[in-house]
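[1] Structure for this input, please:
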Amino acid sequence: MRATEQKEEQKLLEDAKLSLTGCFDLVLEKISTALAEQISHDLSIPTLVGIGVFR
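    The predicted model follows:
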């Protein structure tokens, strides 16, 4: 899922929290740096930031 607009960012935040059942880490790509930081802060599992994160 891409997240280049605020509506998409909110959906990604909600989906990330729901997908934690059985997850041991989460790879973040093609999202803004601010959103990657927010997701990383909100989740209790490690997040890996890929090369597609932008400012």
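[2] list the buried ones in stretch 30-44?
    For stretch 30-44, the neighbour count (16 or more other CB atoms under 10 Å) marks 31, 35, 36, 38, 39, 40, 43 as buried. Backbone N, C-alpha and C define where each C-beta goes, glycine included.
[3] Stretch 8-21 too?
    For stretch 8-21, the buried set under the neighbour-count rule, 16+ other CB under 10 Å, comprises 9, 12, 13, 16.
[4] Now render those as JSON lines, adding pLDDT and secondary structure.
    Formatted as JSON lines, those follow (pLDDT from 0 to 100; DSSP: H, G, I helix; E, B strand; the rest coil):
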{"residue": "9", "pLDDT": "85", "secondary structure": "helix"}
{"residue": "12", "pLDDT": "83", "secondary structure": "helix"}
{"residue": "13", "pLDDT": "84", "secondary structure": "helix"}
{"residue": "16", "pLDDT": "80", "secondary structure": "helix"}
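[5] Quick one: the strands in the protein, in order.
    For the chain, the strands defined by DSSP state E occupy 26-28, 47-49.
[6] got TSV for those strands, with mean neighbour count too?
    Formatted as TSV, the strands of the chain follow (neighbours: other CB atoms under 10 Å):
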stretch	mean neighbour count
strand 26-28	15
strand 47-49	14
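[7] Out of the buried residues of stretch 30-44, which sit inside helices?
    Among those, the members found in helices (DSSP state H) are 35, 36, 38, 39, 40.
[8] wait, the fourth one sits on residue 10?
    No - under the criterion of CB atoms under 8 Å, residue 39 is not in contact with residue 10, lying 11.6 Å apart.
[9] State the distance from residue 45 to residue 5.
    26 Å (CB to CB, to the nearest Å).
[10] Looking at these two now, which is surrounded by more residues?
    residue 45 (12 against 9; other CB atoms under 10 Å).
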